[in-house]
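1. After the sequence you'll find the predicted model.
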Protein chains: 4
Amino acid sequence: MGKNPTKRMAILNSAEHIFAERGFHEATISEIAAGANVSDATIYEYFPSKEALLFAIPAEYSLKFQMGNRHILKYIKGQKNKLRAIIYRLLELYEDNPEYANVTAMILKTSRKFTETAEYEVIRESARMMREIIEEGIANGEFRPNLNPVIVRSMMVGTIDNLVVRKAILGKPENLMEQAESIIDVLFNGVLQPPAEEGINIHLTLDQPKKDES
Amino acid sequence: MGKNPTKRMAILNSAEHIFAERGFHEATISEIAAGANVSDATIYEYFPSKEALLFAIPAEYSLKFQMGNRHILKYIKGQKNKLRAIIYRLLELYEDNPEYANVTAMILKTSRKFTETAEYEVIRESARMMREIIEEGIANGEFRPNLNPVIVRSMMVGTIDNLVVRKAILGKPENLMEQAESIIDVLFNGVLQPPAEEGINIHLTLDQPKKDES
Amino acid sequence: MGKNPTKRMAILNSAEHIFAERGFHEATISEIAAGANVSDATIYEYFPSKEALLFAIPAEYSLKFQMGNRHILKYIKGQKNKLRAIIYRLLELYEDNPEYANVTAMILKTSRKFTETAEYEVIRESARMMREIIEEGIANGEFRPNLNPVIVRSMMVGTIDNLVVRKAILGKPENLMEQAESIIDVLFNGVLQPPAEEGINIHLTLDQPKKDES
Amino acid sequence: MGKNPTKRMAILNSAEHIFAERGFHEATISEIAAGANVSDATIYEYFPSKEALLFAIPAEYSLKFQMGNRHILKYIKGQKNKLRAIIYRLLELYEDNPEYANVTAMILKTSRKFTETAEYEVIRESARMMREIIEEGIANGEFRPNLNPVIVRSMMVGTIDNLVVRKAILGKPENLMEQAESIIDVLFNGVLQPPAEEGINIHLTLDQPKKDES
DNA sequence: GATGAATGAGACTTCATTCAT
DNA sequence: TATGAATGAAGTCTCATTCAT
């Protein structure tokens, strides 16, 4: 059983690269092996199957992401600010690791099997965390009541995934982080122009005799 | 080249079903052929390749969807209401055709090649139309200025796709249409609680005798 | 699904040839395919796996053999003669089909899996038939009582298999049929020299006066 | 080259066990190594190849068997009794070492290559010895003339091998030694009921006066 | 137009074996 | 001596696709 962590990483990186570029089925073990400068057989010393190799890719990213979240969110006050932080972190993760972004958004997120995987657990926890932040925001009055927290999360995640896929396929937006404020703006404030500032109604009543009270 | 439109539809329907259930690569021509009660070879009388068969699936749906949009939007006043209508129509389309929904959200949307296809054109037009509606809403003051129309559209589309995939993989939400108002609510109004109507209370007391203390 | 019986036979014959020559694992599908003038893939149109192909080899032989037995034995009187006929038929089968003989004696007979196969049923029936003939021979007094029928059958079958394997490996005996009488002789009469023919004791007493009766 | 005889035996025993249970090709070096509590590579310190490991298994058994034969047969008078002793010893060997029995009967005996091996020499000698005993039995009148010694030996060996294989595959006969007398009985006496002692009765009556009627 | 039959191409995976440590 | 790690070599099987009928 292969134990060399450097080689393991080389394989994982190569796999990430090839899978991102060509998709799971189009990618071949030979390509991945070549990219990692190992033989085909060596890959099977480190991963039991091509699919297991795919599913192993997110482990480190998602763990680091989620641990970073736990660490950082402690220092952030307000659910609004926490949500903003998460959006930034997610965009940053995908911007810094575009190949991982593609693997995640284009392969793993549409894989039924991945959901049943141990590796998926961390991702599930991330999702849970987002939902709780939203729920707490509703509870403490930062967010509007009657929001559906799952839908709100789907908007966050779905929007970002959509941008990742668009970037992978169409090449734009080139820069993910630059979209952060736009996303946050819509998510927080919505698209509608609020009704014109209604101003203060002041009713002055002066005690002068009125002729008619009609 | 096969010309029997009934048989063509049978193949297309079977393909939609199988692709939705098992994914593109896991699906086999034999399965699809069996589902359509034709032979493998017959499929090649109607479609030049497995991939072409996949890409042919959305044609009718997207055309009907887009023509419906054009027709209906004429009668709807206000960009806000148009956007609302599109969200409803999209959710309805996916709810009524869950297999098409899966094929679209899980296979086609992540396919680079599909983008280069003639069949993609209609979808591109749909996207353009959405963007224009948003732009017009900004222009006419219904929507807030400084919105990024592409981001707004990504939010709409990404949210809905995310829900479709979640439904396919996790089984929930069971009902897509029921999510419409939640989505629209967040998209239009955002998640933030608007600052409490601060309206300044001014108490004017005039020290002049009053006739009535009613 | 391949249906051409000629091609099926060609594959079967080639498989028999290659398996007999090189053994199951050493034989490759490619070799077998080449021997049958078909492509590798075609083999899988006719047989679901390499193993299934192996197990399909005896079907025809064993069926023909067993049906021949049923037919012929009706006309043979005496269990002794029936046993003799079976031994001849078995040796003839293996002599006429030396490759089948090898496949049977060297591969199938030592395969646990083959025993669980439908194809094995006919062979099981042959074995049952032999046992019954022996049992009847014991019952009707042709054979010695207290014989163990299963052991007797094992001697018949084991001896012949042993010769088949010797021939395959050492090249001798070159001719199987020629061993028939030797086998039958030992099986029927055993190896022991019967105690010297005791002959008839005739005591002649002549009434002549004897001098001495010592 | 490994020199630790304990470890060598551990490997040999594990190999015997695994080969017997799963066959030569189905067994893997890794399994065998695990069974011997050594690494895969260590096996190659003691045996040059998987095949050589297989062929090394019978060495000790066959040597001990054959030396035992030489020793014991000296004290046995009569070829008939010698044959009987060999049958007993063979059955005992296989009964006491069922895994070796399987390896021998199911793998080695059908291996062309094994015949060309140095390890095979002892086995060849055993066979020669059996043949000689039979030949001498024929010569000295214990056995019937006109017997084919090779066939007789094939009957002995073939029968026993057949039982070993049956036991391995079908589980019966459970006990090999118990079959000894049945085998010997048929081998020595054959299956046929000898013709009823026909002895011709001749009654001679001489019409001459007898002195005594005792 | 429909298809039964055939196959080229290739991928994943396994495993005996080697070798530096 | 022992082995962890690496790999060359190969084989089975699948499947989209073709084509003669």
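-> Received it, and whenever you're ready, just let me know what you need.

2. can you pull out the helices in chain A?
-> All helices of chain A, identified by DSSP state H, fall at A:5-22, A:29-36, A:40-46, A:50-73, A:79-96, A:98-102, A:112-115, A:120-139, A:149-170, A:180-189.

3. Quick one: the ones you listed as CSV, columns for mean pLDDT, mean neighbour count and distance to residue B:23 too.
-> The C-beta positions use only the backbone N, C-alpha and C, and glycine is treated the same way. Below are the helices of chain A laid out as CSV (pLDDT from 0 to 100; neighbours: other C-beta atoms under 10 Å in any protein chain shown; distance: least, C-beta to C-beta, whole Å):
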stretch, mean pLDDT, mean neighbour count, distance to residue B:23
helix A:5-22, 96, 18, 15
helix A:29-36, 97, 18, 19
helix A:40-46, 97, 17, 23
helix A:50-73, 96, 17, 13
helix A:79-96, 97, 19, 24
helix A:98-102, 97, 21, 17
helix A:112-115, 94, 14, 9
helix A:120-139, 96, 17, 17
helix A:149-170, 96, 22, 17
helix A:180-189, 96, 20, 30
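
4. Let me have the ones you listed in a markdown table, extended by distance to residue B:103.
-> Compiled in a markdown table, the helices of chain A are given as follows (distance: least, C-beta to C-beta, whole Å):
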| stretch | distance to residue B:103 |
| --- | --- |
| helix A:5-22 | 21 |
| helix A:29-36 | 27 |
| helix A:40-46 | 32 |
| helix A:50-73 | 21 |
| helix A:79-96 | 25 |
| helix A:98-102 | 20 |
| helix A:112-115 | 14 |
| helix A:120-139 | 23 |
| helix A:149-170 | 16 |
| helix A:180-189 | 27 |
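
5. what does stretch A:149-163 contact?
-> Contact partners of stretch A:149-163, identified using C-beta atoms under 8 Å, 6 or more residues apart in numbering or on different chains, comprise A:83, A:86-87, A:90-91, A:94, A:105, A:109, A:127, A:130-131, A:134-135, A:138, A:143, A:173, A:176, A:179, A:183, A:187, B:151, B:154-155, B:157-163, B:166, B:173, B:179, B:182-183, B:186-187, B:191.

6. now it: how far from the chain's centre is it?
-> 8 Å (C-alpha atoms, centre = their mean, to the nearest Å).

7. phi, psi of residue A:144?
-> When quoted as degrees, to the nearest 10, the phi and psi of residue A:144 stand at phi -70, psi 150.

8. DNA strand F is nearest to which of the helices of chain A?
-> Comparing those by their distance to DNA strand F (C-beta to the nearest atom of the strand), the top pick is helix A:40-46, with 2.6 Å.

9. what about that closest one and chain D, touching?
-> No. Helix A:40-46 is not in contact with chain D by C-beta under 8 Å from any C-beta of the partner chain; minimum separation 12.4 Å.

10. got a list of contacts for that helix?
-> Surrounding helix A:40-46, the residues in contact under the criterion C-beta under 8 Å, 6+ apart are A:1-2, A:7-8, A:11, A:29-30, A:32-33, A:36, A:53.

11. now these in TSV, with distance to residue A:21?
-> Supplementary listing: the contacts of helix A:40-46 in TSV, determined by distance: C-beta to C-beta, whole Å:
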residue	distance to residue A:21
A:1	29
A:2	24
A:7	21
A:8	21
A:11	16
A:29	15
A:30	15
A:32	11
A:33	15
A:36	14
A:53	15
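
12. Widest-spaced pair of the residues you listed?
-> Using C-beta to C-beta, the two most remote members of those are A:1 and A:30, lying 21.5 Å apart.

13. Where do the domain boundaries of chain A fall?
-> Following the assignment in automatic domain parsing, chain A carries domains at A:1-47, A:56-189.

14. Would you mind listing what in chain A touches DNA strand F?
-> Along chain A, the residues adjacent to DNA strand F under the rule C-beta under 7 Å from any atom of the strand are A:1-4, A:7, A:38-42, A:44-46.

15. between those, which is closest to residue D:72?
-> Lowest distance from residue D:72 to those (C-beta to C-beta) belongs to residue A:1, with 50.8 Å.

16. Could you verify my assumption that residue A:73 touches residue A:85?
-> Yes. At 6.7 Å, residue A:73 and residue A:85 qualify as touching, with contact defined as C-beta atoms under 8 Å.

17. wait, what's in contact with the closest residue to residue A:93 other than its chain neighbours?
-> Once flanking residues are discounted, residue A:93 sits nearest to residue A:65: 5.6 Å by C-beta to C-beta, 6 or more residues apart in numbering or on different chains. By C-beta under 8 Å, 6+ apart, the contact set of residue A:65 is A:89-90, A:93, A:126.

18. Need the residues that contact stretch A:176-192.
-> Residues outside stretch A:176-192 that contact it (C-beta under 8 Å, 6+ apart): A:80, A:83-84, A:87-88, A:91-92, A:94-95, A:152, A:155-156, A:159-160, A:163-164, A:167, A:173, B:80, B:83, B:134, B:137, B:142-144, B:146-148, B:151-152, B:155, B:186-192.

19. Please apply the same query to stretch A:96-116.
-> Contacts of stretch A:96-116 from elsewhere in the structure, counted by C-beta under 8 Å, 6+ apart, are A:16-17, A:19-21, A:23-24, A:51, A:54-55, A:57-58, A:61, A:93-95, A:120, A:161, A:164-165, A:167-168, B:105-107, B:110, B:165, B:168-170.

20. Could you rerun that using 6 Å?
-> Contacting residues not belonging to stretch A:96-116 are listed as A:16-17, A:19-20, A:24, A:55, A:57, A:61, A:94, A:120, A:161, A:164-165, A:168, B:106, B:110, B:169 [C-beta atoms under 6 Å, 6 or more residues apart in numbering or on different chains].

21. follow-up on the earlier one: report the separation between the residue nearest to residue A:93 and residue A:127.
-> Distance, residue A:65 to residue A:127, by C-beta to C-beta, to the nearest Å: 12 Å.

22. same thing with residue A:84?
-> 18 Å.

23. that older thread, would CSV of the contacts of helix A:40-46 with distance to chain C be doable?
-> What follows is the contacts of helix A:40-46, written out as CSV (distance: C-beta to the nearest C-beta, whole Å):
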residue, distance to chain C
A:1, 26
A:2, 28
A:7, 32
A:8, 33
A:11, 30
A:29, 21
A:30, 20
A:32, 26
A:33, 24
A:36, 30
A:53, 27
